[in-house]
Each structure stands twice: as structure tokens, then as C-alpha cells.
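Q: compute the structure for the input listed below.
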Amino acid sequence: MPSASGGRIMLVGIGPGSTEHMTLRAREAIAEADTIIGYVTYIRLVADLIEGKEVIRKSMTEELDRAVEALARAREGRKVALISSGDAGVYGMAGPTYEVLFQAGWTPDSGIEVEIVPGASALNSCAALIGAPLTHDFCAISLSDLLTPWPVIARRLDAAAAADFVVALYNPKSGRRTRQIVEAQRLFLRHRHPDTPVAIVKSAYRRREHIVLSTLAQMTEADIGMLSTVLIGNSSTFVREGLMVTPRGYANKYDLDEGGSAREGERAGRSLSTGLNGWLAGLQEDLAAGIALETLAARHRLPADYLRETLAEPLDLLVASEAEEGGE
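A: Numbers count the residues shown, from 1 in each chain. Sure, this is the predicted structure:
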């Protein structure tokens, strides 16, 4: 690799695809580039921004080819914009590009500058269209088994379902991969109520945008494809007035019917009475009452050795630590 090529690779996340939802830096990066590389569909989404530039179009499964091409152009001293929909670091081109770069012996001092330009990922775009489903803890899982073994995907699905995460399913279904979404549903139904809200959003903010609000039991009846993102709610998620909302948990601490005042036993800006310290104090009381540690572990669905190690910490130190906390 040349020691000082002056080339540059900009990994540009263009967001959902509509120009108005693209960041200013994404537009600037595309304007600065003399070479544009990307999947054919993504190139079409920025067609009005790339006139007069060298454009290299690649197919869906040619991610490594795109990265290799970007490196080759950067070695020639060119400024390359490598396009990803959503965010380049979320199921995008950032990972494959760094793999290719490191394999080629690249370092930040090698003369080729690399910049990641963030963009709104599909889960952000889809969530914005249907309400506020991601207000509490969530995770994203891709159902594509082209590069990831299915047992790995299945374990992640089962763990996320059991842990009550809101889950965004990427790459849920294609012409060849039709059973994966059915298996995901099967795993979630082991842990979630059949009426759990589900949103299927296709082509968010694009010309053929389509939104379906469904349930966990019925979601596979909807039209789902590679351009769809499936959002599965947690045990608290609800749908009202056509909007899917996951509560943050304020009702656990505040009485919303009484002007938002703290509930009995709760303090604003402090952990819940059932937060870590309050929970540990309750565990100690249960143990003192003769309840076995294994019984408590099963009750809370946590490993017994975790409870044992945690309870070995002096509770007064934990309480003192909480007393020093500020408001969240």
C-alpha cells in the first residue's frame, strides 16, 4: 500500500433514502466524492446528487467487492463515497470495509483516510412512522442466515424474547428465505403473548412505503420482504389511535393521575424501591425468612451464582452509593 496516496473513503449512511432525511454531512460527503460506489438500489436513491461522478454499481451480495473497489480507488488518490442505506455501521458497509482494509495492511497512518458518516438506521425510520415503540430497551437481530448460522440467530431470538426486549428484525424474508420469519415467530410465542403488538414497515420514507400493524400471532400473514423491518413490542407495548408505544416506565414511579407525583415509597431522581438496592434488601429479607437461594433465583429467572455473588457485597455500601446519585 502506498505510504501517502491522499485517497479517502467515506462510508456514507444515507438514512431511509429520502433526501430530506439525509444528514447534511452525508450530502457534503457525496458532493466531495469523485467516485460513488454502492448497491444499485442505494445508488438510485441518491441519483440527483451524483451527476458527473464516476459511479460503480454492485449487486446485493457483493459487499466485499464494493469494499475492495473502494480501496482500489482510494489507492489511486480518489475520494470515494461508499453508500449504505440507513447507517453504514448497522448492517452496513463499515464492517466489511474495515475487514478489507485491515487485511490489506491499512492503518490510520497509511495515507488513506476513512470517515464514517452516520445515518438513521431502519429501526429509527420505521419507529418514527408508527409512534414510539423503541422508548425502552430494544435490540436488533438480522434473520439473514447467508453469513450467520441459524442456531446462532435462533439463540439470539430466544434470549431477546425471554428478556422482554422490543426487537427489530432486519432482513426478515426474501424470495429464497421464507421460513426464517416463521421460526422467529415460533420462538417469540414461547415467551410473549400472542396479542403482542407488531409493526411491519416496508420501504420507510420511500415511494412504496407500506405499514401494517399486527400482532405476534398474525404477523406472518402480512406481506413481508427484504425491504421490510419488523418491530416486535415487549410486554408493555400497546397500540392506540394507530400508534405503537412502549412506555418508558414512568408509571412505576409516578402517579400520572395525580399530576405526576411520586408514588408512596418512591423518590424522584432515585432508583425505584424495586431497583438494585431495594431488590437486594428484599432478597436478604427473604433469605432471613428461610427461602432458599435457588428458589429466589428461579423466582427472578436469574442465575443462582449471580445472586450469591451480588448478595456477598455489603448492602450498606450500595445504599451509600445510591445516596450520592444525582437525578437521571
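Q: backbone phi and psi for the closest residue to Glu221 other than its chain neighbours, please?
A: Nearest-residue entry for Glu221: Ser214, 7.3 Å, with adjacent residues in sequence omitted and distances by C-beta to C-beta, 6 or more residues apart in numbering. Bear in mind the C-beta positions are built from the backbone N, C-alpha and C, glycine included. Note on Ser214: its backbone torsions stand at phi -140, psi -160 [degrees, to the nearest 10].
Q: what residues are up against Ser214?
A: Residues near Ser214 by C-beta atoms under 8 Å, 6 or more residues apart in numbering: 197-200, 221-222.
Q: show me what counts as buried in stretch 248-261.
A: Neighbour counts over stretch 248-261 (16 or more other C-beta atoms under 10 Å) mark 253-254 as buried.
Q: quick one: contacts of that stretch?
A: If you take C-beta under 8 Å, 6+ apart as the criterion, stretch 248-261 is touched by 135-136, 236, 262-263, 266, 268, 272, 274.
Q: likewise for stretch 86-96?
A: Judged by C-beta under 8 Å, 6+ apart, the contacts made with stretch 86-96 from elsewhere in the structure are 11-16, 63-64, 66-67, 82-85, 116-122, 125, 140, 142, 170-171.
Q: what's the pLDDT at the nearest residue to Asp137 once chain neighbours are set aside?
A: Of all residues not flanking Asp137 in the chain, Phe165 sits nearest, at 5.7 Å (C-beta to C-beta, 6+ apart). According to the per-residue confidence, Phe165 scores 98 in pLDDT.
Q: now do the SS call for the residue nearest the centre of the chain.
A: In the chain, the residue lying closest to the centroid (C-alpha atoms, centre = their mean) is Ala140, at 4.0 Å. Following DSSP: H, G, I helix; E, B strand; the rest coil, we place Ala140 in the strand state.
Q: bridged to it, which residues?
A: Beta-bridge pairing for Ala140 (DSSP bridges): Ala168.
Q: contacting residues for it?
A: Counting by C-beta under 8 Å, 6+ apart, the residues that Ala140 touches are 90-91, 121, 123, 167-170.
Q: between the residues you listed, which is nearest Trp150?
A: Trp150 has its nearest neighbour among these in Leu169, at 14.1 Å by C-beta to C-beta.
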